[in-house]
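Student: For reference, the sequence and a predicted model appear below.
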Amino acid sequence: MKQLFVSAILFLVATQGIGFAGEDALYREKYRPQFHYTVKKGWINDPCGLVCYAGEFHLFNDHNLFGNEIPGALGDRNRPPSRWSHAVSRDLVHWKEMPVAILPDKLGAVFSGSGVVDGANTAGFGKGDHKTLVLVYTSAGQPFSQSISCSNDRGWTWTRYPDNPVVPNRGLSATERDPRVFWHEPTNKWIMVLYVKRGVARFFTSDDLKEWTHASDFTGRDFHECPDLFELPLDEDKTKTKWILHDAPMNYSVGTFDGKKFTAEAGPFRGDFGKNFYAAQTWTNTPGRRIQIAWMHGGKYPDMLFNQQMSFPCVLTLCTFPEGIRMCRRPVREIEVLRTKEHRLAGATVKPGENPLNGIAGELFEILAEVELDGASGFGIRVRGEPVHYDVQSRTLTALGAKAPLEPVDNRIRLHILVDRTSLEVFGNDGKVSMTSCFLPDDANRALEFYATDGNVKMVALTVYELKSAWPEAGQ
């Protein structure tokens with residue numbers, strides 16, 4: 001009973017915006033990521049409600065107040081229920097934390113979902129000068145159901161729809177959840193993809209975001225929660241497109257979608273090979289780019305007020321390779337705003353025992369390398385003692401215990417690496433493979449090392465950018 005009382009007090013304090021111990025040191029903490037989003041205090045997991053409007057990117061997260069504890073199982077009464085935290089950015093790099101967007105109500109805690117711009121006011125919520133933004137989320141009562149909330153002030157405040165839920169539980173599973181909603185122009189309908197149980201995603205259509213009709217089911221072995229569905233041009237040709245459907249572990253299928261049914265043509269394929277990539281979602285209303293962010297689940301942040309972080313936003317593209325169509329992930333170009341000092345090397349042959357990066361040290365880096373294989377059994381970049389290694393014989397890229405297949409292109413390997421205080425994100429051959437992982441580096445080791453093993457490699461190009469913090473509060 002005492003724990004219940006303490007939890008309730010903590011919940012009220014946070015929702016009322018009252019300060020807390022340690023607030024004056026925010027963003028300067030030892031393990032605070034400096035360009036990956038974290039909430040000020042508490043636990044966050046799935047990115048939710050991703051929508052862009054009036055030049056502002058909105059990021060919501062499942063959030064509760066136990067910053068240094070992993071949330072308990074569903075129904076755990078000894079922790080505050082999950083709600084949606086909220087942050088806004090104009091460049092996907094600098095984020096401003098906003099007041100909590102959606103609090104639990106009589107229908108239950110607030111679990112994952114998505115966001116849209118209702119430009120034609122199909123729901124009838126519109127008023128004022130701004131288009132209506134609508135969040136669609138899971139009300140995690142017993143059983144789960146799907147609800148909506150709207151905003152008419154460009155997403156800064158939110159009003160819950162009084163006639164929730166808009167999709168009552170249909171009985172296939174007590175925990176139907178994670179609605180992914182978007183506007184489908186060819187059929188002039190809203191589409192909802194809903195995870196209903198292991199191996200099954202359910203499709204609904206709607207004219208107004210309030211009344212939903214079951215259209216079809218997708219069955220895929222092991223398909224699991226947090227679905228996303230979107231269309232991408234193939235090889236940058238807007239006249240040739242394919243649809244991507246993926247789940248929380250980022251197993252994706254390539255296929256077609258007719259407004260009611262998704263038909264898989266290839267896959268599932270693995271979208272990220274790292275140890276800490278989960279529940280990815282893409283922003284809606286970003287013409288010309290499909291931008292994705294994920295929860296870097298399972299990271300460790302000892303003695304911090306916050307727990308868990310987001311991946312760095314990436315642009316998704318669809319490309320044809322000898323083995324077929326695959327999706328590529330690359331960091332958004334906005335990372336460039338954080339670049340400070342530049343170190344550049346090109347045209348050098350690197351022998352075993354040499355380190356062309358000798359003398360470069362720090363915490364935050366962006367590294368771009370193009371390497372021509374020249375007799376070595378492998379090469380790599382050691383980041384604060386942790387190797388990002390390419391093995392020539394097995395054609396594999398490894399980092400922090402994760403492994404990805406990667407074939408050379410014209411006998412070359414290209415790497416793009418983002419280094420933050422608690423994470424390494426590695427992209428191989430223009431994002432054909434990505435590896436998103438957390439780590440806790442050795443405090444005393446801030447060095448970079450480029451190395452070759454059992455032979456030489458030719459450094460076609462190597463650029464290291466030292467990065468500054470995205471947080472003005474960090475004092476950089």
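Tutor: Thanks, I have the structure now. Numbers count the residues shown, from 1 in each chain.
Student: How about the contacts made by residue 240?
Tutor: Residue 240 makes contact with 233-234, according to CB atoms under 8 Å, 6 or more residues apart in numbering. Bear in mind the C-beta positions are built from the backbone N, C-alpha and C, glycine included.
Student: Excluding sequence neighbours, find me the nearest residue to residue 217.
Tutor: Leaving aside its sequence neighbours, residue 217 sits nearest to residue 202 (CB to CB, 6 or more residues apart in numbering; 5.3 Å).
Student: That neighbour is in contact with residue 196, isn't it?
Tutor: Yes: applying CB atoms under 8 Å, one finds residue 202 in contact with residue 196, separated by 4.9 Å.
Student: which neighbours do the two share?
Tutor: Both residue 202 and residue 196 are in contact with 170, 172, 176, 217, where contact means CB under 8 Å, 6+ apart.
Student: What count of nearby residues applies to the third one?
Tutor: For residue 176, the count of nearby residues is 23 (other CB atoms under 10 Å).
Student: per-residue pLDDT, it?
Tutor: Residue 176 is assigned a predicted lDDT (pLDDT) of 96.
Student: what about the closest residue to it other than its chain neighbours, distance to residue 144?
Tutor: By the measure of CB to CB, 6+ apart, the closest residue to residue 176 outside its immediate chain neighbours is residue 196, 4.7 Å from it. Here the criterion is CB to CB, to the nearest Å. By it, residue 196 lies 10 Å from residue 144.
Student: Would you check how far apart residue 33 and residue 308 are?
Tutor: With CB to CB as the criterion, residue 33 and residue 308 are 10 Å apart.
Student: Then residue 25?
Tutor: As judged by CB to CB, residue 25 and residue 308 stand 19 Å apart.
Student: Looking at the two, which has the bigger crowd around it?
Tutor: Neighbours were counted for residue 25 and for residue 308 using other CB under 10 Å; residue 308 has more, 24 against 12.
Student: wait, isn't that one in contact with residue 296?
Tutor: Yes: in terms of CB under 8 Å, residue 308 counts as a neighbour of residue 296; the distance is 6.9 Å.
Student: residues in contact with residue 81?
Tutor: Contacts were defined as CB under 8 Å, 6+ apart; by that measure residue 81 touches 64, 104, 108-110, 140.
Student: Show only the entries of those residues found in strands.
Tutor: Counted as lying in strands by DSSP state E, out of these, are 64, 109-110, 140.
Student: For residue 235, grab the count of nearby residues.
Tutor: Here the number of neighbours of residue 235 (other CB under 10 Å) works out to 10.
Student: Next: residue 336.
Tutor: Close neighbours of residue 336, defined as other CB under 10 Å, add up to 12.
Student: that's a helix at it, yeah?
Tutor: Yes: per DSSP: H, G, I helix; E, B strand; the rest coil, residue 336 lies within a helix segment.
Student: pLDDT below threshold where in the stretch 1-150 of the chain?
Tutor: Along the stretch 1-150 of the chain, the model assigns pLDDT under 70 to residues 1-22, 66-80.
Student: what ranges do the strands span in it?
Tutor: Per DSSP state E, counting those that start in this stretch, the stretch 1-150 of the chain carries strands over the ranges 42-53, 56-64, 83-89, 96-102, 109-118, 132-140, 145-151.
Student: Nearest approach to residue 396 belongs to which of those strands?
Tutor: Minimum separation from residue 396 across these (CB to CB) falls at strand 42-53, 29.2 Å.
Student: Spit out the contact partners of the residue nearest to residue 310 when sequence neighbours are not counted.
Tutor: Among residues not flanking residue 310 along the chain, residue 37 sits closest, at 4.2 Å (CB to CB, 6+ apart). Residues in contact with residue 37, defined by CB under 8 Å, 6+ apart, are 59, 87, 95, 293, 309-310.
Student: Just send those back as a markdown table, with neighbour count and distance to residue 456 too.
Tutor: Compiled in a markdown table, those are given as follows (neighbours: other CB atoms under 10 Å; distance: CB to CB, whole Å):
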| residue | neighbour count | distance to residue 456 |
| --- | --- | --- |
| 59 | 26 | 45 |
| 87 | 20 | 47 |
| 95 | 21 | 43 |
| 293 | 23 | 39 |
| 309 | 25 | 38 |
| 310 | 24 | 39 |
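Student: Now do the helices in the chain.
Tutor: If DSSP state H is used as the criterion, the helices of the chain fall at 2-15.
Student: Okay, domains of it per the record?
Tutor: Under the assignment named as automatic domain parsing, the residue ranges that make up the domains of the chain are 2-333, 339-467.
Student: can I get those domains in JSON lines with distance to residue 473?
Tutor: What follows is these, written out as JSON lines (distance: least, CB to CB, whole Å):
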{"stretch": "domain 2-333", "distance to residue 473": "4"}
{"stretch": "domain 339-467", "distance to residue 473": "15"}
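Student: Setting the sequence-adjacent residues aside, check what's closest to the residue positioned nearest the centre of the chain.
Tutor: Centrality entry for the chain: nearest residue to the mean C-alpha point is residue 294, 1.6 Å, by CA atoms, centre = their mean. With CB to CB, 6+ apart as the measure, residue 280 is the residue that lies nearest to residue 294, at 3.7 Å, once sequence neighbours are left out.
Student: need the contact list for that neighbour.
Tutor: Contacts for residue 280 were tallied using CB under 8 Å, 6+ apart; they are 47, 226, 228, 246, 248, 250, 271-272, 292-295, 311.
Student: from those residues, which ones fall inside strands?
Tutor: With strands identified by DSSP E, the entries of the contacts of residue 280 that belong to them are 47, 228, 246, 292-295.
Student: closest to residue 455 among these?
Tutor: When these are compared for distance to residue 455 (CB to CB), residue 294 wins out at 36.5 Å.
Student: My read is that the closest one contacts residue 272, right?
Tutor: Yes: under the criterion of CB under 8 Å, residue 294 is in contact with residue 272, at a separation of 7.4 Å.
Student: Please enumerate the shared neighbours of those two.
Tutor: Taking CB under 8 Å, 6+ apart as the contact rule, the neighbours common to residue 294 and residue 272 are 250, 280, 436.
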